[in-house]
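# here you go, sequence then predicted model.
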Protein chains: 2
Amino acid sequence: MHSLQCRRVIPFGKLSLSLHAPRNALRFVHKPAFTFESYKSLHRDPKYAKLSEQDVQVFKSIIGKDGSLIDGLDKSTDPADLDAFNIDWMNKYRGKTQLALKPKTTQQVSEILKYCNQKKLAVVPQGGNTGLVGGSVPVFDEIVLNLGLMNQIHTFDEISGVITLDSGVILENADNFLAEKGYMFPLDLGAKGSCQVGGCAATAAGGLRLLRYGSLHGSILGMEAVLPDGTILDNLVTLRKDNTGLDIKQLFIGSEGYLGVITKLSVICPKRPSSTNVAFFGVPSYENVLKAFSETRSHLTEILSAFELMDNTSQTLVDKYSGTQRPLEDEHPFYVLVETQGSNKEHDEQKITALVEDLLEKEIISDGVLAQDESQLRVLWERREGITECLAKAGSGVYKYDVSLPLPVLYDLVNDTKKRLIEFNLLDDTPEHPVIDVVGFGHMGDGNLHLNIAVRQFDKRVEKCLEPWVYEWVSRHRGSISAEHGLGLLKKPFVGYSKSKEMIHLMKTLKNVFDPNGIMLPYKYV
Amino acid sequence: MHSLQCRRVIPFGKLSLSLHAPRNALRFVHKPAFTFESYKSLHRDPKYAKLSEQDVQVFKSIIGKDGSLIDGLDKSTDPADLDAFNIDWMNKYRGKTQLALKPKTTQQVSEILKYCNQKKLAVVPQGGNTGLVGGSVPVFDEIVLNLGLMNQIHTFDEISGVITLDSGVILENADNFLAEKGYMFPLDLGAKGSCQVGGCAATAAGGLRLLRYGSLHGSILGMEAVLPDGTILDNLVTLRKDNTGLDIKQLFIGSEGYLGVITKLSVICPKRPSSTNVAFFGVPSYENVLKAFSETRSHLTEILSAFELMDNTSQTLVDKYSGTQRPLEDEHPFYVLVETQGSNKEHDEQKITALVEDLLEKEIISDGVLAQDESQLRVLWERREGITECLAKAGSGVYKYDVSLPLPVLYDLVNDTKKRLIEFNLLDDTPEHPVIDVVGFGHMGDGNLHLNIAVRQFDKRVEKCLEPWVYEWVSRHRGSISAEHGLGLLKKPFVGYSKSKEMIHLMKTLKNVFDPNGIMLPYKYV
Ligand SMILES: Cc1cc2nc3c(=O)[nH]c(=O)nc-3n(C[C@H](O)[C@H](O)[C@H](O)COP(=O)(O)OP(=O)(O)OC[C@H]3O[C@@H](n4cnc5c(N)ncnc54)[C@H](O)[C@@H]3O)c2cc1C
Ligand SMILES: Cc1cc2nc3c(=O)[nH]c(=O)nc-3n(C[C@H](O)[C@H](O)[C@H](O)COP(=O)(O)OP(=O)(O)OC[C@H]3O[C@@H](n4cnc5c(N)ncnc54)[C@H](O)[C@@H]3O)c2cc1C
C-alpha cells in the first residue's frame, strides 16, 4: 500500500518558467531608489577620483574593438543602458556608475586595474549580477568591470574531468558543455542561467548539491586572478594535488571581489550521474524532519545529492503564484525534497524505495511521492526552486536572510521571527501591516536556512525589528549570518556576529596587502 | 571462467607489520648527519637569539606541570631524549635543538609564541614528525613546539558528522573514535598511526582516498590557530556553509607551520561505509592502466574510493622484504588496486564484479583477484602500503619524489629517470653502483606519482643527476613538484618550478604580515 501511494503519478501542473532569463535583456520598469539614498550613513569616499572623459579615452584604448564599453559621460549614450549594470537582481540596490567595462582578455583586465589603481578610480567587479547582498553593483560611481565577455571554455580533459574556463562563462553553459562529455559542473543553483562561474567562485557559492559534490574550496584546482595593481597571478593548474606553497587562490574563493578579479578557473568535475531520483515528502513536524534526515543519510549515503526543506507557508505561496500543482494532496507543516544521483538506476531505485518504505513505516513522514520521469522530477524541483520567484511576486519586497544553523534549532528561527513580527504588530493579513508572511526553506542537508520575510512594502520598522535581532539570534545559536550569499553591502555591518575581532583585523590587514589603495569593492564586505 | 579466476581465494601471507609503531618509542641506532652538515649552503641566521637558561625558566612557568619540556641545556637531561624531536621519520634530517616544548593548551601555545616572537627565538612546529620533506625537525637550534599532548577530541555531532578536536590527535585515533559512531575521518594515509590531524592540515595531506572524499580544503570547516605574535585566531565553526569574509583558515591548510600553529580543527566526516571491496589487477602496459582507470570511473563512479598504481619493481621489493605472498601468480608490468566503499554490499559487489568482467573481457587487464574478506583486503592493501617500508629496507636510503602529472605522461617519468641513471652509470646490480632501482607507484586516481630511487648509500652524484632534472621534467610536463608532501626543507629551492615569481613574491609578502620577525619554520618552505 505504502509503496503504491508513493509511486502514484503526480498530476501535472505547468512548469513555472523561468528563473533563468538573461538579465541584461530586461528593462527596469520600477527602478529602486539609489542605494546611497536608502543607506543614509554611506558617503562617497573623497579619496576616490571622479571619472573624467580622459579616463574613458584610456579605457577605450585598452579595450579596443573586441571588448565593450558603456560610457555614461557621453551624452549620446542612453542612460538606461547603464541600468543593467547599476541595478541588482533583486531590484533593491542601485548604483550610479557612469562607466561599465566589458574586457575580453586577462591582459585588458590587468591594464584596466593598473590604470584605476594609479588614478584611484574605484571598481566593482560584476559577474552575472545575481548576488543577493548588493555586492555586484556600485554604491556610488564605482566603475563596473563586467566579466560577461570573458566567456570561453579553454580545455577539458576527458580522463581527469578537469575543465579550464574564463570566469565569465555562465554556469549553465559550463554545465551544458560538460553534459555532452558525460560530466557535470560540481555546483548547481537557481540562478545558474545567469550567474557566472567566476561570480560563483567569488562568492564561494554552495548551492543545491554541496552535500554531495562538496565546496568550491575543494573542487577549484587552479585560478588566474588579477590584483588591483594589475599583477596577473597565474595559478591555473589542472592538478588534483599541488602542495607547493601557500594556497593563495583559496583566499579569492569567497572574497567577493575585495582582493582582485578572478579571470580564469580550473575545476574538477564529477561524472554526470546516469540516474537521478527525486522524492517529495510531507512531514508532520520539524522533529520528524530531523529524523527523516538521519534516516536518509543512512539509507542513501553515497548517492544522496540533495535534502531540501520547505515549510508549508512557502508551498502555499508556490501554489498561488507558480501555477504548478501540489504534488501531495493534503497540507503538511513541512515538506522535504530528497534527490539521489548515481550510476546505476536499479540500485538507486532500490535504495530510495527502501528509504521511503522505512520512513512511512516508522511514521516519520505522512505522505510522499517519487518522480516517475524527468518531467515529474522537474515539477518537484520547481516546488523548491520556484519559492524565491513566488516570494517576489507575493508582495513588493522580501527581506532575505541566508544563515547556517545547527540542525536542531534551525527552524526555531522561523518561528521566533514570526512571533516577534506579530508582537511588534507588523505582520497580519491586512494591508496596513507591512509584513505578509515569514517563510523558511533551504539546503537543510548543509544546515542552511533561507529565512524570508515577504512585505507589502519595504518598511524601516520591519528592518529595525529584524536587525540586528536576527543576527544576534544566529550568533547566540552558533550559526553563521551568511551561509552562502556572502557579505556584500547588506551584511558588512554584521560580520562581527560571525567573526572575531582578531579575524576581522587580519582580513583588513590582508586587504591592505592586496589592495593598498582600496580601489576594489569599496563600502562593502568587511 | 573469468569471474571464477577473479574470485579465487588469495593465498595468505603474513601481514607485514607495522607502519604505525609510535615514533617516539624508537631509539636511533644509526643517526643521520646533522642537516647543516649535509646542506653546506645553509647557515644559521644570526638574527635569531640563542636559547638561554632564563628562556627555559620562562617556558617552564608557561607550561607548568601539565605540559612537558625536554631541556637540553640542563646537563642532567640525556641528550638522546631530544633525538625523537631532532630526527625525522626517514632518518634523513637531523636538527640540533636544545629544547622541545609540549604544551597542553592553546593558551600555552600562545604564550610560548609570544615570548619567542619578542625574543626572536626560532620555532618549528612538530606534529607526528612523519612528514617526508624535512619540515618537522629543526635545521639548527630552533625550538621544537610539539603538539603531541594536545590530543583531546572535544565534540562530535551525530547528525551532521562534524568533529572538533585538538590538532595533536593522532589520525588513527580520530578515525577509531569516529568508527564507533558510524563515521570515518575523510583522510587516510600510511602514516595514520603516527601523524596528527594538525600535521595533516598543515601539509594539506591528500592520502589514499582523496579521489572519493575530497581535499582537506573542502572538509575542514573550522580552525583555531595561533599567530607568531601569540594572537589566537578563533574560527572553529562547525558549519558546512559560512561565507563571512576572507577564508583565512584556508591559508593555514598546507602552510606547513610557516604562518603559525594550528591548535584545533573542526572537520566534516562522511558516514563510514558498510561495505568495502578491493580488487587487485595485473596489467600488461601503462596504456592499459589508463584504459582501466577510465573504465573504473565509469563503472564505479560514486563508490570508487581508491585507484592505486604499483609497478612491478615495487612489487618485487614487497615480495622480498615484507614476507607477504603475491596475490597474483604471474608477474605483470603493472598492478592496480581498486577499492570501493559504499552502503550496500550487494550493489557494490555487483558493480565491481561487472567492472572486473568487463576489464578481462576487453583484455585491458591480464589477471585479477577480488578480496573475499577483511583479512584478504588488508593483504591486498599491504601490497601497496608496504612499499615505502620495503624500500627503506632495500638499501640504506631512498630519494623520494612526490609529484603530480597529467595521467598520459605519468609513468614516463619513471622510465626516463631509470634511463638517465643508467646513462650516468649510477644504477646497476653491483655494489659499486649507488642506485639499486627506480620504483614508481602512487595515488594514480589523483594524478599523483611517488617516484622513489632506492640507493645503497646516499650519494651526491645521484642527487646531482636527479636534481633539478626531475623538477624540470615535471615542470615541462605541467605537473607539480610536490603533490602532497609539501615543500619543507627538501623542496624549498625548487618551488619556482611549480609557482610563478608573482605567486612566490606574494607568499613572502604574506609571510611578512603573519610573521614579521620570521620566527616560524626558518630556512624552509618558500
Ligand atoms: C534565484 C537565485 C538563486 C540563488 N541560489 C543560490 C544558492 O543556492 N547558493 C548560493 O550560494 N547562491 C545562490 N544565489 C546567489 C548568487 O546566484 C550566487 O552568489 C552567484 O554565485 C553569484 O554569481 P554572479 O556571477 O551573479 O556574481 P555577481 O552577483 O555578479 O557578484 C557577486 C559578488 O562577487 C563579485 N564578483 C563577481 N564576479 C567576480 C570575478 N570574476 N572576480 C572577482 N569578483 C567577482 C562581485 O563584485 C560581487 O561582490 C542565488 C541567486 C538567485 C538570484
Ligand atoms: C608511511 C608514510 C605514508 C605517507 N603517506 C602520505 C599520503 O598518502 N599522503 C600525504 O599527503 N602524506 C603522506 N605522508 C606524509 C605525512 O604523513 C603527512 O604529510 C602528514 O600529514 C604529516 O603529519 P605529521 O603530524 O606527522 O606532521 P609533521 O611531519 O610533524 O609536520 C609536517 C609539517 O607541518 C608542520 N606542522 C605539524 N603540525 C603542525 C601544526 N599543528 N601547526 C602548524 N604546523 C604544523 C611542521 O612544522 C612540518 O613543516 C606519509 C608519510 C609516511 C611516513
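That came in fine, so what should we check first? Ligands and ions are numbered 1, 2, ... in the order given.

# OK, contacts around A:Val403?
Contacts here follow Cβ atoms under 8 Å, 6 or more residues apart in numbering or on different chains; on that basis A:Val403 touches A:413, A:448-449, A:451, A:470, A:474, A:479-483. Where you see a C-beta, it was placed from the backbone N, CA and C, and this is true even at glycine.

# same check on A:Asp45?
The contact partners of A:Asp45, taken as Cβ under 8 Å, 6+ apart, are A:122, A:522-523.

# so which of those residues wins on neighbours?
A:Ala122 (25 neighbours; other Cβ atoms under 10 Å in any protein chain shown).

# so what does it have for phi and psi?
Phi and psi for A:Ala122, reported as degrees, to the nearest 10, are phi -80, psi 150.

# which residue is the nearest non-sequential neighbour of the closest residue to chain B within chain A?
Sorted by distance to chain B under Cβ to the nearest Cβ, the residues of chain A start with A:Gly218, at 2.6 Å. In space, and not counting its chain neighbours, A:Gly218 is closest to B:Gly218: 2.6 Å by Cβ to Cβ, 6 or more residues apart in numbering or on different chains.

# again, but for A:Ser475
A:Tyr497 (4.1 Å).

# contacts only, for that neighbour.
When contacts are counted by Cβ under 8 Å, 6+ apart, A:Tyr497 touches A:468, A:471-472, A:474-475, A:481.

# buried subset of those?
Neighbour-count burial (16 or more other Cβ atoms under 10 Å in any protein chain shown) applied to the contacts of A:Tyr497 gives A:471, A:474-475, A:481.

# that older thread, ok, the contacts of A:Asp45 vs ligand 2, which is closest?
A:Pro522 (34.9 Å; Cβ to the nearest ligand atom).

# measure that closest one to A:Leu42 for me?
Using Cβ to Cβ, to the nearest Å, A:Pro522 is found at 10 Å from A:Leu42.

# cool, A:Lys418 as well?
As judged by Cβ to Cβ, A:Lys418 and A:Leu42 stand 31 Å apart.

# so between these two, which is more surrounded?
Higher neighbour count among A:Lys418 and A:Leu42: A:Lys418, with 19 against 15, using other Cβ under 10 Å.

# and the more buried one, what's its pLDDT?
On pLDDT, A:Lys418 comes in at 98.

# does the host helix or strand of it reach chain B?
In this structure, A:Lys418 sits in helix A:412-423 according to DSSP states H and E. No: using Cβ under 8 Å from any Cβ of the partner chain, helix A:412-423 never reaches chain B; the gap is at least 13.9 Å.

# so what's the residue in the stretch 151-300 of chain A that ligand 1 sits nearest to up against?
Proximity of the stretch 151-300 of chain A to ligand 1 (Cβ to the nearest ligand atom) peaks at A:Gly199, 1.9 Å away. Shown in contact with A:Gly199 (Cβ under 8 Å, 6+ apart): A:127-128, A:130-131, A:136, A:147, A:167, A:205.

# go with 7 Å
By Cβ atoms under 7 Å, 6 or more residues apart in numbering or on different chains, A:Gly199 lies in contact with A:127-128, A:131.

# that one belongs to a helix?
Yes: judged by DSSP: H, G, I helix; E, B strand; the rest coil, A:Gly199 forms part of a helix.

# how close does it sit to B:Phe36?
Here the criterion is Cβ to Cβ. By it, A:Gly199 lies 50 Å from B:Phe36.

# with A:Val169 instead?
Going from A:Val169 to B:Phe36 by Cβ to Cβ gives 51 Å.

# who has more neighbours, the two?
A direct count of neighbours by other Cβ under 10 Å for A:Val169 and B:Phe36 places A:Val169 higher, at 25 against 19.

# you'd agree the more buried one is up against A:Ala201?
No: the pair A:Val169 / A:Ala201 is not scored as a contact, 11.1 Å apart, by Cβ atoms under 7 Å.

# can you give me the strands in the stretch 351-500 of chain A?
Secondary structure of the stretch 351-500 of chain A (DSSP state E, counting those that start in this stretch): strands at A:367-370, A:397-404, A:435-442, A:448-455.

# and the ones you listed: which comes nearest ligand 2?
Ligand 2 sits nearest to strand A:397-404 of all the strands of the stretch 351-500 of chain A, at 26.1 Å, using Cβ to the nearest ligand atom.

# how is chain A divided into domains?
Domains of chain A are assigned by automatic domain parsing as A:25-146, A:153-268, A:274-387, A:395-485.

# most packed of these?
Among those, the stretch with the highest mean neighbour count (mean count of other Cβ atoms under 10 Å in any protein chain shown) is domain A:153-268, at a mean of 23.

# that one near ligand 2 at all?
No: against ligand 2, domain A:153-268 shows no contacts by Cβ under 6 Å from any ligand atom, the least distance being 7.6 Å.

# now do that domain: distance to the chain's middle.
Distance of domain A:153-268 from the chain centroid (Cα atoms, centre = their mean, to the nearest Å) equals 15 Å.

# the stretch 51-200 of chain A against ligand 1: which residues are in contact?
Within the stretch 51-200 of chain A, the positions adjacent to ligand 1 are A:89, A:124-132, A:135-136, A:147, A:167, A:189-191, A:195-196, A:198-200 by Cβ under 6 Å from any ligand atom.

# try 8 Å
By Cβ under 8 Å from any ligand atom, the residues of the stretch 51-200 of chain A that approach ligand 1 are A:88-90, A:124-133, A:135-136, A:147, A:167-168, A:171, A:189-191, A:194-200.

# contacting residues around the longest helix seen in chain A?
Counting residues, the longest helix found in chain A (DSSP state H) is helix A:345-361. Outside helix A:345-361, the residues within contact range by Cβ under 7 Å, 6+ apart are A:2-3, A:6, A:274-275, A:277, A:279, A:281, A:292, A:295-296, A:299-300, A:303, A:340, A:342, A:365, A:368, A:370, B:344, B:347.

# so of these, which ones are in strands?
Taking DSSP state E, the ones among those that sit in strands are A:275, A:277, A:279, A:281, A:340, A:342, A:368, A:370.

# now for the buried ones among the contacts of A:Tyr497: which two are most distant?
Across the buried ones among the contacts of A:Tyr497, the longest distance by Cβ to Cβ is 7.0 Å; it joins A:Ser475 and A:Ile481.

# what touches both of those two?
A:497-498.

# near ligand 1, which residues of the stretch 401-526 of chain A are found?
By Cβ under 8 Å from any ligand atom, the residues of the stretch 401-526 of chain A that approach ligand 1 are A:402, A:443, A:483-486, A:488, A:521, A:524-525.

# if we go to 5 Å?
Residues of the stretch 401-526 of chain A found near ligand 1 (Cβ under 5 Å from any ligand atom) are A:Glu484.
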